[in-house]
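Trainee: Mind folding the following:
(2 chains)
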Amino acid sequence: MATFYGEVLPVISRAVDDDDDDENDTPQIYSECLLHWSSIAQEKESIGSRLLKCQILIVAIGPSSMAFCEAFIFGGQETEVLGAFFTDQNEKTLNSFLQRSRTDKTCHLYQLKQRPEVIVCQCNIDVLPEQSYSWVNQLFSSLDTSQIYVAVLTVASMRDYKSEEVTTDLPSPFLRALKTKSFKGTPSCPYLEPPNTVAALPAQILTYCNLNMIAAVLYICYTDVMYLDSITIKTFKSILNVTPWRDVVMDLETAQQILTKILAEYSQQASLYI
Amino acid sequence: MCDKFFYPEEDIKDWKGFTFILPAVSVGNVGQLAVDLILNTLDMTHCGCIYDDSILPVIGSNPYDSVTAQTDCTHLMTACEVYMSPTHKVVTLQQRSPLVKGKQSQFLEKLTAWIKVCRFREIILLTSSFAHQRIDCQLEGEPLRYKVSPAFDRTEFENVNGWKELERRKLVEDETFREFYVPGGGIANHFYQLSVKESVPLCVLLTFCSEGDNIPDAFRLATYANRYLKLLQGPSTWKMPSSWKLMFGNTFDQTIFH
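Mentor: This is a model prediction of the structure:
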């Protein structure tokens, strides 16, 4: 396309690429997403022949969501690693079940020892939208979903939130929710208004649950803070009074102590190169 | 666990003889915008979803204003949904996210197989094409074209005035004429070839446009389709869904210029 000054620039479309006609020749540029079960899980239930019993599945995506779950759901309880997702086959980023540091790029499935029907997925890896179908399929095909509640937590940037109000006037951070038709409860915050949308892994989980009549709710915390902070994490606290959280929440005082420790650890990591 | 393609809301209806309308994810998203106009204006009923690993996931709240009582503000919108209107004998698909790179053929094969099972009378694909890649004869007149597959019944079609068939053209790289070439048309090229091969009665309706505010292009394409489909009668006009607001971002804080 020629500009006013006569220079020719390539035309870029937001919807299509120039190489759409050669689409079938496009090699897959992302690695497969693999779910590996730990030896503990394999001893407990024979994965593949019997499904893992689960009544509450919590998926926490990103550091803030993970910190909230660790403080308010784990609350210092003993947990076991059931499995882990691996999405990057690059040798430089090899990880294993033993990588339990909060700041590691891992995606582990934990089971509460005292509440084995509760499984929490702490996801600190970047699951591409193209990998999310496989991620969801591998997880849910191993779970007994007959009586399951699913809750997903994620954080998004304020700049992505569309509103007729000026963004700087909005009370940041804040929560919005989406739920499947089988989820009969009422979320603790307003529903996500159109034209806002959610993509990638949270969207895949909820789509799957909606089609398979699974009760699921997604909470998105919109924040303008790029690093881990207590205000963003505490924004999630309003969900502790609703299903399925009120059945698993731990002592609030213990949770606060754990949260302080988590924030201290992250701030050490964040200031490592100052 | 999820090896079906189409997940119906209720019992599967008999759609034999219905018209099936679907968009291509094409330049300016014009096909998708035109389908939004059709769905929002005709108050079609949500009747199912398409779920496949070839479709990138996206969710949100109900984007339409006048959907029937079966859906409400808590309805979860997903990436690829199917709506129907028994009154107009129309089934419409809306696709809200692109296909995974390299999986277009997979999606089209499954879609074609599903179309055959449903026994639709005709398939209408709404798409768009890059305006800067028009050939000379396309630079004047209405920026609208059609192309039908051999299996498409042209009998009623011939009463539609003012439709111009898509011209054959030579591509720069090779000297042979291409019967059907729509640059920027998304799945249009492959779907047309597959429809010819599988004897699917396909009619592609397209408009030439560039990226920008493509709402007028969507109105034009929907009106063009309506000349044949006659979904909208008399002086009625298309209704824009309220989810089209803020398409180009939020308003800015006026005080920054004080």
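Trainee: Please, where are all the strands along the stretch 51-200 of chain B?
Mentor: B:58-60, B:80-85, B:90-95, B:122-130, B:144-148, B:169-170, B:177-178 (DSSP state E, counting those that start in this stretch).
Trainee: Redo those strands as JSON lines? Include mean pLDDT, mean neighbour count and distance to chain A.
Mentor: All C-beta spots, glycine's among them, are computed from the backbone N, C-alpha and C. Output for those, formatted as JSON lines (pLDDT from 0 to 100; neighbours: other C-beta atoms under 10 Å in any protein chain shown; distance: least, C-beta to the nearest C-beta, whole Å):
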{"stretch": "strand B:58-60", "mean pLDDT": "97", "mean neighbour count": "23", "distance to chain A": "4"}
{"stretch": "strand B:80-85", "mean pLDDT": "96", "mean neighbour count": "22", "distance to chain A": "9"}
{"stretch": "strand B:90-95", "mean pLDDT": "97", "mean neighbour count": "23", "distance to chain A": "11"}
{"stretch": "strand B:122-130", "mean pLDDT": "97", "mean neighbour count": "26", "distance to chain A": "7"}
{"stretch": "strand B:144-148", "mean pLDDT": "95", "mean neighbour count": "20", "distance to chain A": "16"}
{"stretch": "strand B:169-170", "mean pLDDT": "86", "mean neighbour count": "14", "distance to chain A": "14"}
{"stretch": "strand B:177-178", "mean pLDDT": "84", "mean neighbour count": "12", "distance to chain A": "10"}
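Trainee: Could you export the ones you listed to CSV, including columns for distance to A:Q256?
Mentor: Formatted as CSV, the strands of the stretch 51-200 of chain B follow (distance: least, C-beta to C-beta, whole Å):
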stretch, distance to A:Q256
strand B:58-60, 33
strand B:80-85, 43
strand B:90-95, 46
strand B:122-130, 55
strand B:144-148, 64
strand B:169-170, 69
strand B:177-178, 67
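Trainee: give the contact list for the closest residue to chain A within the stretch 151-258 of chain B.
Mentor: Nearest residue of the stretch 151-258 of chain B to chain A (C-beta to the nearest C-beta) works out as B:S243 at 3.9 Å. Residues in contact with B:S243 (C-beta atoms under 8 Å, 6 or more residues apart in numbering or on different chains) are A:194-195, B:36, B:63-64.
Trainee: where does the closest residue to A:S163 other than its chain neighbours land in three-state SS?
Mentor: Closest residue to A:S163 apart from its sequence neighbours, by C-beta to C-beta, 6 or more residues apart in numbering or on different chains: B:N250 at 6.0 Å. The local conformation at B:N250, judged by DSSP: H, G, I helix; E, B strand; the rest coil, is coil.
Trainee: mind listing what B:N250 touches?
Mentor: A:161-164, A:166-167.
Trainee: pLDDT weak spots in chain B?
Mentor: The model of chain B has pLDDT under 70 over residues B:1-3, B:66-73, B:172-174, B:235.
Trainee: Okay, helices next: where are they in it?
Mentor: Under the criterion DSSP state H, chain B contains helices at B:30-42, B:104-118, B:188-198, B:215-229.
Trainee: buried ones in the second one?
Mentor: If I follow you right, that is helix B:104-118. Neighbour-count burial for helix B:104-118 flags B:104, B:107-108, B:110-112, B:114-115, B:118 (criterion: 16 or more other C-beta atoms under 10 Å in any protein chain shown).
Trainee: now, among these, which is nearest to chain A?
Mentor: Checking the buried residues of helix B:104-118 against chain A by C-beta to the nearest C-beta gives B:Q104 as the nearest, at 4.7 Å.
Trainee: Could you check how far that closest one is from B:I21?
Mentor: Applying C-beta to C-beta, to the nearest Å, the value for B:Q104 to B:I21 is 20 Å.
Trainee: Please apply the same query to A:V81.
Mentor: 49 Å.
Trainee: The two - which one has more neighbours?
Mentor: Neighbour totals were compared for A:V81 and B:I21, and B:I21 leads with 28 against 19 (other C-beta atoms under 10 Å in any protein chain shown).
Trainee: Contacts only, for that one.
Mentor: So B:I21 contacts B:35, B:38, B:90-93, B:123-124, B:126, B:225, B:229 (C-beta under 8 Å, 6+ apart).
Trainee: quick check, nearest of those residues to B:I55?
Mentor: B:L93 (11.2 Å; C-beta to C-beta).
Trainee: what's the nearest residue to the closest one if we skip its chain neighbours?
Mentor: The shortest distance from B:L93 to any non-neighbouring residue, by C-beta to C-beta, 6+ apart, is to B:L22 (4.1 Å).
Trainee: Surely A:I125 touches A:T87?
Mentor: Yes - counting by C-beta atoms under 8 Å, A:T87 is a contact partner of A:I125 at 5.6 Å.
Trainee: distance between the ends of stretch B:95-104?
Mentor: Terminal residues of stretch B:95-104 are spaced 13 Å apart (C-alpha to C-alpha, to the nearest Å).
Trainee: who are the neighbours in contact with residue 34?
Mentor: With no chain named, the answer covers chain A. Contacts of A:L34 (C-beta under 8 Å, 6+ apart): A:85-87, A:138.
Trainee: wrong chain, I was asking about chain B
Mentor: Per C-beta under 8 Å, 6+ apart, neighbours of B:A34: B:23, B:126, B:218-219, B:221-222, B:225.
Trainee: any idea how far the residue nearest to A:M213 when sequence neighbours are not counted lies from B:Y7?
Mentor: Counting by C-beta to C-beta, 6+ apart, A:M213 lies nearest to A:S182, which is 4.9 Å off, once chain neighbours are set aside. Distance from A:S182 to B:Y7, counting by C-beta to C-beta: 13 Å.
Trainee: neighbour count winner among those two?
Mentor: Shown here are A:S182 and B:Y7; by other C-beta under 10 Å, B:Y7 has more neighbours (17 against 14).
Trainee: Give me the secondary structure label for the residue nearest to A:K179 when sequence neighbours are not counted.
Mentor: Distance criterion C-beta to C-beta, 6+ apart; nearest residue to A:K179, sequence neighbours excluded, is A:V217 at 4.5 Å. Classification of A:V217 by three-state DSSP places it in strand.
Trainee: What's the separation between A:V217 and chain B?
Mentor: In this view, A:V217 and chain B are 10 Å apart by C-beta to the nearest C-beta, to the nearest Å.
Trainee: on that earlier part again, farthest pair within the contacts of B:A34?
Mentor: Applying C-beta to C-beta across those, the maximum distance is between B:P23 and B:F219, 14.4 Å.
Trainee: Out of the helices of chain B, which one sits most buried?
Mentor: helix B:30-42 (a mean of 25; mean count of other C-beta atoms under 10 Å in any protein chain shown).
Trainee: and that one, C-alpha only, in CSV?
Mentor: Extracted C-alpha coordinates of helix B:30-42, given in CSV (Å, rounded to 0.1, in the frame of the first residue of the first chain):
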residue,chain,number,x,y,z
VAL,B,30,-16.1,-8.1,8.0
GLY,B,31,-17.6,-11.5,7.7
GLN,B,32,-17.8,-11.9,11.5
LEU,B,33,-19.2,-8.3,11.9
ALA,B,34,-21.9,-9.1,9.2
VAL,B,35,-22.9,-12.2,11.0
ASP,B,36,-23.1,-10.2,14.3
LEU,B,37,-25.6,-7.9,12.6
ILE,B,38,-27.7,-10.8,11.3
LEU,B,39,-27.7,-12.5,14.8
ASN,B,40,-28.5,-9.4,16.7
THR,B,41,-31.2,-8.2,14.4
LEU,B,42,-33.0,-11.5,13.9
